[in-house]
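Asks: Pasting the sequence and the predicted coordinates here, then a few questions.
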Number of protein chains: 2
Amino acid sequence: MGEEAVMSEFKHLVIVKFKEGVVVEDIIKGMEKLVSEIDVVKSFEWGQDVEGQEMLRQGFTHAFLMTFNKKEDYYTTFVTHPSHLEFSSTFSAAIDNIVLLDFPTLLVKPSPAPEPAPAPAPAPA
Amino acid sequence: MGEEAVMSEFKHLVIVKFKEGVVVEDIIKGMEKLVSEIDVVKSFEWGQDVEGQEMLRQGFTHAFLMTFNKKEDYYTTFVTHPSHLEFSSTFSAAIDNIVLLDFPTLLVKPSPAPEPAPAPAPAPA
């Protein structure tokens, strides 16, 4: 299996616990604006933990994942971009705890090709 | 922007610090085998942090990200699958620290359609 893994992209993963009282929606809006302004961000997705296994999530609640075509897009273009620098100070002020991992992705099991859209259900008789 | 976010998939994110002496390659091989055996795992990718900002990664070194079509595929099929139960004990014995987040993904900035493959470089003269 290992040999089949495809080195594909570069990911910037951030998991956070926000400070109490922070309006998370505002932070996320800022992040959405940020990624829309910086072309080298190839994709951006995020989520909020729904399971609530407090012991396993160690207080972290949100994950943010940005994808770049290559490492340099992240380190050279994204990190130094004025919009990023501006947002970083807002973001830093809002977080209680953070883990940040930056890594080239090894895609072991690629998603299957999307299935064709299902035929519409027949109208009820 | 927020309104345009697409609720798409369910992600199982694990970040870990392995115990000293653990052969990480063996663990990853086990994980590759696991995801190949369980159909509901739609995609699996992982990476090892390359930046080494120890303060920001808090000792965590690896991220593992599994994608499912829906939450039930994870909670009902994956978690209870015999291969998962078997692998979990191996995995648990290898880790020094772990954070686990399970969340429906909001894809804010989807990847652009893949570009056509570039024309092959001309042979050297």
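Replies: Perfect, I can see it now. Source: prediction; values computed, not measured. Residues are numbered from 1 along each chain as shown, chains lettered A, B, ... in the order given.
Asks: Determine how far the helix or strand harbouring A:T105 lies from the middle of the whole chain.
Replies: Per DSSP states H and E, A:T105 falls inside strand A:95-109. Between the centre of strand A:95-109 and the centre of its chain there are 9 Å (C-alpha atoms, centre = their mean, to the nearest Å).
Asks: swap in stretch A:73-89?
Replies: Worked out by C-alpha atoms, centre = their mean, stretch A:73-89 lies 15 Å from the chain centre.
Asks: Please apply the same query to stretch A:65-82.
Replies: For stretch A:65-82, the distance to the chain centre is 13 Å (C-alpha atoms, centre = their mean).
Asks: likewise stretch A:105-114?
Replies: Worked out by C-alpha atoms, centre = their mean, stretch A:105-114 lies 17 Å from the chain centre.
Asks: now for the lowest-mean-pLDDT helix or strand in chain A, which elements pack on it?
Replies: Least confident helix or strand of chain A, by mean pLDDT, DSSP states H and E, is helix A:54-57 with a mean of 83. The contact analysis (3 or more C-beta pairs under 8 Å, 6 or more residues apart in numbering or on different chains; DSSP states H and E) places helix A:54-57 against strand B:95-109. Heads up, the C-betas are built off the backbone N, CA and C, glycines and all.
Asks: which other helices and strands contact the strand it packs on?
Replies: Partner elements for strand B:95-109 (3+ C-beta pairs under 8 Å, 6+ apart): helix A:24-37, strand A:43-48, helix A:54-57, strand B:6-18.
Asks: closest one to A:L65 among those?
Replies: strand A:43-48 (5.4 Å; C-beta to C-beta).
Asks: Buried ones in that closest one, by neighbour count?
Replies: A:43-47 (16 or more other C-beta atoms under 10 Å in any protein chain shown).
Asks: Give me the distance between A:H12 and B:A63.
Replies: Applying C-beta to C-beta, to the nearest Å, the value for A:H12 to B:A63 is 11 Å.
Asks: do A:K19 as well
Replies: On the measure of C-beta to C-beta, A:K19 and B:A63 end up 24 Å apart.
Asks: These two - which one has more neighbours?
Replies: B:A63 (26 against 11; other C-beta atoms under 10 Å in any protein chain shown).
Asks: Alpha carbons of the strand or helix carrying that one, in CSV - could you do that?
Replies: Using DSSP H and E, B:A63 falls within strand B:62-68. Output of strand B:62-68 as CSV, limited to C-alpha atoms (Å, rounded to 0.1, in the frame of the first residue of the first chain):
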residue,chain,number,x,y,z
HIS,B,62,1.4,13.6,12.8
ALA,B,63,-2.1,14.3,11.5
PHE,B,64,-4.4,11.7,10.1
LEU,B,65,-7.6,12.7,8.4
MET,B,66,-10.3,10.3,7.3
THR,B,67,-13.3,11.4,5.3
PHE,B,68,-16.7,9.8,5.3
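Asks: Is the following helix or strand past it in proximity to chain A?
Replies: Next helix or strand after strand B:62-68 toward the C-terminus (DSSP H and E): helix B:71-72. Yes. Using C-beta under 8 Å from any C-beta of the partner chain, helix B:71-72 reaches chain A at B:K71.
Asks: which helices and strands does helix B:71-72 pack with?
Replies: With contacts taken as 3+ C-beta pairs under 8 Å, 6+ apart, helix B:71-72 sits against no other helix or strand.
Asks: Distance check, A:L56 against B:F10.
Replies: With C-beta to C-beta as the criterion, A:L56 and B:F10 are 16 Å apart.
Asks: what mean pLDDT would you report for the strand holding A:T105?
Replies: Mean pLDDT, computed over strand A:95-109, is 93.
Asks: Give me the sheet partners of that strand and which way each runs.
Replies: If you go by DSSP bridges, strand A:95-109 pairs up with strand A:6-18 (antiparallel), strand B:43-48 (antiparallel).
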